[in-house]
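Q: here you go, sequence then predicted model.
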Amino acid sequence: MDFIRFFKFGLVGSFGILIDFSITWLCKEKLKWNQYYANALGFCFAASGNYILNKTFTFNNHDHAILRQYTTFLFISIVGLVLNSILLVLVQKRTNLDFYFSKILVTGLLFIWNFAANSHYTFR
C-alpha cells in the first residue's frame with residue numbers, strides 16, 4: 001500500500017514539477033524576474049495543485065478538516081521551499097551546474113522529505 005502511494009505521490013509530484021518549472025521559466029526567462037523569486041512562485045503554485053491531487057488521488061483522503069490539512073500541507077511545503085531555496089543557492093554557488101539541472105537535483109532530494117512528512121502529518 002505504501003509503495004502504491006509512493007508511486008502516486010511521484011506521479012502527482014511530476015505534475016507539480018511541470019507546473020513549477022513552467023512558472024519558474026516564465027517568470028525568469030520571459031518576465032526577467034530574479035531566479036529565486038521565480039523559483040518560489042513556481043514552487044507555491046505546484047504545492048497548491050499537489051495538495052488537491054494528493055488529497056484525492058494519492059491518499060484518497062476524506063477528512064473534512066480541509067483548512068487544517070491544507071495548512072499542514074502548506075507548512076510542510078514552506079519548509080520544503082526553504083530547504084529548496086537554501087540547497088539551490090548552495091548548489092549554484094559551489095558548482096557550475098545549470099540552474100535548471102540544479103533545480104532537478106534539489107527537487108529530487110526534497111521528494112522524499114515531502115512524501116514522508118505528508119504521509120505522517122497531513123494525510124495520516
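A: Received, thanks. Residues are numbered from 1 along each chain as shown.
Q: could you list every residue that touches residue 84?
A: If you count contacts by CB atoms under 8 Å, 6 or more residues apart in numbering, residue 84 has them with 39, 43, 106, 107, 110. Where you see a C-beta, it was placed from the backbone N, CA and C, and this is true even at glycine.
Q: do the same with residue 33
A: Shown in contact with residue 33 (CB under 8 Å, 6+ apart): 27, 41.
Q: in three-state terms, label it for me.
A: Look at residue 33: counting by DSSP: H, G, I helix; E, B strand; the rest coil, its state is coil.
Q: circling back: which of the contacts of residue 84 sits closest to residue 14?
A: Distance to residue 14 across the contacts of residue 84 (CB to CB) is lowest for residue 107, with 10.3 Å.
Q: was I right about that closest one contacting residue 17?
A: Yes - counting by CB atoms under 8 Å, residue 107 touches residue 17, with 6.2 Å between them.
Q: more neighbours, the two?
A: Ranked by neighbour count (other CB atoms under 10 Å), residue 107 and residue 17 place residue 107 first, with 21 against 18.
Q: using PDB, write out the CA atom coordinates for the helix or strand encompassing that one.
A: Using DSSP states H and E, residue 107 sits in helix 99-117. Output in PDB follows, covering the C-alpha atoms of helix 99-117 (Å, rounded to 0.1, in the frame of the first residue of the first chain):
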ATOM      1  CA  PHE A  99      20.200  26.400 -12.800                       C
ATOM      2  CA  TYR A 100      17.600  24.000 -14.100                       C
ATOM      3  CA  PHE A 101      19.700  21.000 -13.600                       C
ATOM      4  CA  SER A 102      20.500  22.100 -10.100                       C
ATOM      5  CA  LYS A 103      16.800  22.600  -9.500                       C
ATOM      6  CA  ILE A 104      16.100  19.000 -10.700                       C
ATOM      7  CA  LEU A 105      18.700  17.700  -8.200                       C
ATOM      8  CA  VAL A 106      17.300  19.700  -5.300                       C
ATOM      9  CA  THR A 107      13.700  18.700  -6.200                       C
ATOM     10  CA  GLY A 108      14.700  15.000  -6.200                       C
ATOM     11  CA  LEU A 109      16.100  15.300  -2.700                       C
ATOM     12  CA  LEU A 110      13.000  17.100  -1.400                       C
ATOM     13  CA  PHE A 111      10.700  14.500  -2.900                       C
ATOM     14  CA  ILE A 112      11.500  12.100   0.000                       C
ATOM     15  CA  TRP A 113      11.000  14.800   2.600                       C
ATOM     16  CA  ASN A 114       7.600  15.800   1.200                       C
ATOM     17  CA  PHE A 115       6.300  12.200   1.000                       C
ATOM     18  CA  ALA A 116       7.300  11.300   4.500                       C
ATOM     19  CA  ALA A 117       6.100  14.500   6.100                       C
END
